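okay, here's the prediction I keep looking at, along with the sequence it came from:
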Amino acid sequence: MTDQPIAARKDDRLGGGRFEREPDKAFDAFQRSFSFDRRLLPYEFAVDRAWAKALQKVGILTEIEVRDTLIALQSISDELNADPTFLEGSTAEDAHHLVDSALVHELGALGWKLHTGRSRNELVATDFRLFIMDAAASLQRQLGEFLIAILEQAKTNFGVPMAGMTHMQHAQPILLSHFLLAHAEAFSRDVTRLQHAADSADACPMGSGALAGNSFGVDRNAIARDLGFSRITANSLDAVSDRDFALDYLFALTGIATHLSRLAEEFVIFASQEFGYVILPDEYSTGSSLMPQKKNPDAWELIRGKTGRITGALLGLLTTLKGLPTGYQRDLQEDKEGLFAAHDQVAAMLAIATGAVTATKFNADRLRAAASNPVLFATDAADYLVHKGLPFRQAHDLIGEVLREAERQGKPWSQLSLEDLKKISPLFEQDFLAAPSVETSIATKAVPGGTAPEQVRSAIAELQKRVTNLHTDLKTKLNTKLNPKTGEKP
Ligand code: ARG
């Protein structure tokens, strides 16, 4: 035993017994992952506790040894939490090495016993899976908050029409709330994708050893249960090679970022002078160092811009994994930095987007004015002729003629005379000219999923229910999860 502090101990290379010479300094720095995988320490402690108990069950550790090991783990964890500067100065290769050598420092030879029958290959996969399960739940909670922000705007602005667009061209009138709920649907799917990623991470590799399994007969199911996993991995070799759960998580992050980026693009456009649909909140805008009048949508632009690195992290890991042989390869250490960074960015993007959506004011007059241009009712006009018995293709052509005539006369088609219209088709009656309005156009889209007010109202209620259920689910999940700071069950 030594009384040197953890961080000051001479580098003791893991598995160093077979080496005669010290590692090259530059290579040593190159291969260390501690600077970023220290984030896994709370999970490492949790796995160590579960492993100590598993070793007791198979007679490798006595009850007293387990007790001493658990006390030592707790005091190391407390020491590190109390003074994280230990971590800064550490020469540990990675998080596993740090705890391993700290245990030996605390317990002497007993500290070496904990690593019986296990490998860092399974430890890193287990820690990383636990991290992703927690991370997915925390982003689900954030998505829930974001959905509430969208819902609130959909409720506040209920009844405001807007010009729905395809190809960025005015198409048909819809409710602004319908537009907002379209975004909410995409983010709801992201909640499901995060769940898929969490489920794919939810299998415990411990007992897989370096690749072949465990020869001491540890109870893998008990370890998994202890750590809050709902199942064990099926094949020891696959368990140390598999990073599909990380790809699933990165894909879910890319989905969120892509959806945020689309929303951001629309807010940037809507805030332009040409559109003037939204008034940017001061709290989420910046000025220009040169032009005094400027209020720029930087929050949305940065959200749009940061999406690149999230997608990049997914492509990075896919590229790292391509062509890797089965089994643990050191390349796999490259799985963490990009994923941690992508998670942090998405968390920040969601927080800012939630604030910015909440603080945005919609300009109902501008939205209504754009939606009231009669060209947006041209499809409804064609539908009028269909109701008179005309095949749609012919109705489409006739309304085309009406629009051409209106253009020739330099007025909106709704101001053509009945006489002019009758020249195009005798089917036109006075009620044709009375009919078109934003409200009637919107009201006719009354199928489920359509933009008619009663449909949008029930969509709001449905989404509200979904968000409430999500929050209840997350609460029960939290009760069974580890506290990410301490690695303890709450
Ligand atoms: N630090 C490594 C990683 O992040 C885990 C250690 C396994 N290393 C090894 N040489 N077997 O993947």
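Yes, it's here.

going forward, measure contacts and count neighbours with C-alpha atoms only.
Fine.

near the residue nearest to residue 135 when sequence neighbours are not counted, how many other residues are there?
Among residues not flanking residue 135 along the chain, residue 343 sits closest, at 7.5 Å (Cα to Cα, 6 or more residues apart in numbering). Neighbouring residues of residue 343 were enumerated by other Cα atoms under 10 Å; the total is 22.

in this structure residue 343 contacts residue 253, no?
Yes. Counting by Cα atoms under 8 Å, residue 343 does reach residue 253; the two are 7.0 Å apart.

quick check: the residue nearest to residue 135 is in a helix.
Yes. Assessed by DSSP: H, G, I helix; E, B strand; the rest coil, residue 343 belongs to a helix.

quick one: the strands in the stretch 351-490 of the chain?
In the stretch 351-490 of the chain, the segments counted as strands under DSSP state E, counting those that start in this stretch are 361-362.

quick one: low-confidence ranges for it?
Low-confidence segments of the stretch 351-490 of the chain (pLDDT under 70): 435, 478-490.

can we see that at 80?
434-436, 476-490 (pLDDT under 80).

now the chain
1-18, 434-436, 476-490.

whichever residue of it sits closest to the ligand: what's its closest spatial neighbour, skipping adjacent residues?
The chain approaches the ligand most closely through residue 333 (3.5 Å), counting by Cα to the nearest ligand atom. Leaving aside its chain neighbours, residue 333 sits nearest to residue 33 (7.4 Å; criterion: Cα to Cα, 6+ apart).

phi first, then psi, for that neighbour.
phi -120, psi 10 (degrees, to the nearest 10).

got a list of what residue 438 touches?
Listed by Cα atoms under 8 Å, 6 or more residues apart in numbering, the contact partners of residue 438 are 161, 173, 371, 372, 377.

try it again with 10 Å
Each residue near residue 438 by Cα atoms under 10 Å, 6 or more residues apart in numbering is listed here: 161-163, 172-175, 368-369, 371-374, 376-377.

is it true that the residue of the chain closest to the ligand lies in a helix?
Yes. Secondary structure assignment places residue 333 in a helix (three-state DSSP).

if I look at it, how far off is residue 339?
11 Å (Cα to Cα, to the nearest Å).

more neighbours: those two, which one.
More crowded of residue 333 and residue 339, by other Cα under 10 Å: residue 339, with 22 against 16.

farthest residue from the center of the protein?
No residue in the chain sits farther from the centre than residue 419, which is 58.4 Å out by Cα atoms, centre = their mean.

ok, now which ones touch it?
Contact analysis of residue 419 by Cα under 10 Å, 6+ apart lists 425, 426, 428, 429, 430.

drop anything exposed from those.
Among the contacts of residue 419, the ones that count as buried by 16 or more other Cα atoms under 10 Å are 425, 428.

farthest pair within the contacts of residue 419?
425 and 430 (12.7 Å; Cα to Cα).

run a quick neighbour tally on residue 266.
For residue 266, using other Cα under 10 Å, the count is 12.

dump the residue contacts of it.
260, 300.

wondering if the helix or strand hosting it reaches the ligand at all.
Secondary structure from DSSP states H and E places residue 266 in helix 244-270. No. Under the criterion of Cα under 6 Å from any ligand atom, helix 244-270 makes no contact with the ligand; the nearest approach is 12.8 Å.

what's the next secondary structure element after that helix?
Assigned by DSSP H and E, the successor of helix 244-270 is strand 278-279.

mind listing what's buried along whichever helix or strand comes after that next one?
Next helix or strand after strand 278-279 toward the C-terminus (DSSP H and E): helix 298-321. By neighbour count on 16+ other Cα under 10 Å, the buried set for helix 298-321 is 298-300, 303-304, 306-307, 309-314, 316-318, 321.

list the contacts for the residue nearest to residue 135?
132, 135, 136, 139, 249, 250, 253, 254, 310, 313, 337, 349.

on that earlier part again, tell me the residues that contact both of residue 343 and residue 253, please.
136, 139, 310, 313.

okay, residue 35 and residue 336: tell me how far apart.
Relative to residue 336, and taking Cα to Cα, residue 35 is found at 11 Å.

equivalent analysis for residue 347, please.
Following Cα to Cα, the distance that separates residue 347 from residue 336 is 16 Å.

repeat for residue 408
For residue 408, the distance to residue 336 - Cα to Cα - is 64 Å.

what about the two, which has more around it?
More crowded of residue 408 and residue 336, by other Cα under 10 Å: residue 336, with 19 against 9.

so residue 340 versus residue 246, what's the distance?
Taken as Cα to Cα, the span from residue 340 to residue 246 is 10 Å.

wait, residue 179
32 Å.

quick one: which of the two has more around it?
residue 246 (24 against 17).

that one contacts residue 334, correct?
No. Residue 246 is beyond contact range of residue 334, at 11.4 Å (criterion: Cα atoms under 10 Å).

quick check: neighbours shared by those two?
By Cα under 10 Å, 6+ apart, the residues touching both residue 246 and residue 334 are residue 317.

now residue 161. Nearest residue, chain neighbours left out?
Counting by Cα to Cα, 6+ apart, the residue nearest residue 161 is residue 175, at 4.3 Å.

how about the one you found, what does it touch?
Contacts of residue 175 by Cα under 10 Å, 6+ apart are 154, 157-164, 181, 367-368, 371, 438-439, 442-443, 450-453, 456.

among those, which are located in helices?
Among the contacts of residue 175, the ones falling in helices (DSSP state H) are 154, 181, 367, 368, 371, 438, 439, 442, 443, 453, 456.

burial count for the nearest residue to residue 396 once chain neighbours are set aside?
In space, and not counting its chain neighbours, residue 396 is closest to residue 382: 5.5 Å by Cα to Cα, 6+ apart. Residues lying near residue 382 (other Cα under 10 Å) number 21.

going forward, the N-terminal residue is numbered 490.
With the count now opening at 490, the last piece we talked about shows up as residue 871.

wait, what's in contact with residue 871?
879, 880, 881, 882, 883, 884, 885, 886, 887, 888, 889.

among those, which ones are buried?
The buried subset of the contacts of residue 871 - by 16+ other Cα under 10 Å - is 884, 885, 887, 888.

which residues touch the last one?
Spelled out, that is residue 888. Applying Cα under 10 Å, 6+ apart, the residues contacting residue 888 are 867-874, 894, 902, 910, 913-914.

quickly check these for the two that are furthest apart.
872 and 894 (18.9 Å).

what about the closest residue in space to residue 706 that isn't next to it in sequence, neighbour count?
Distances taken as Cα to Cα, 6+ apart place residue 547 nearest to residue 706, at 6.9 Å, with adjacent residues excluded. Neighbour count for residue 547, taken as other Cα under 10 Å: 13.
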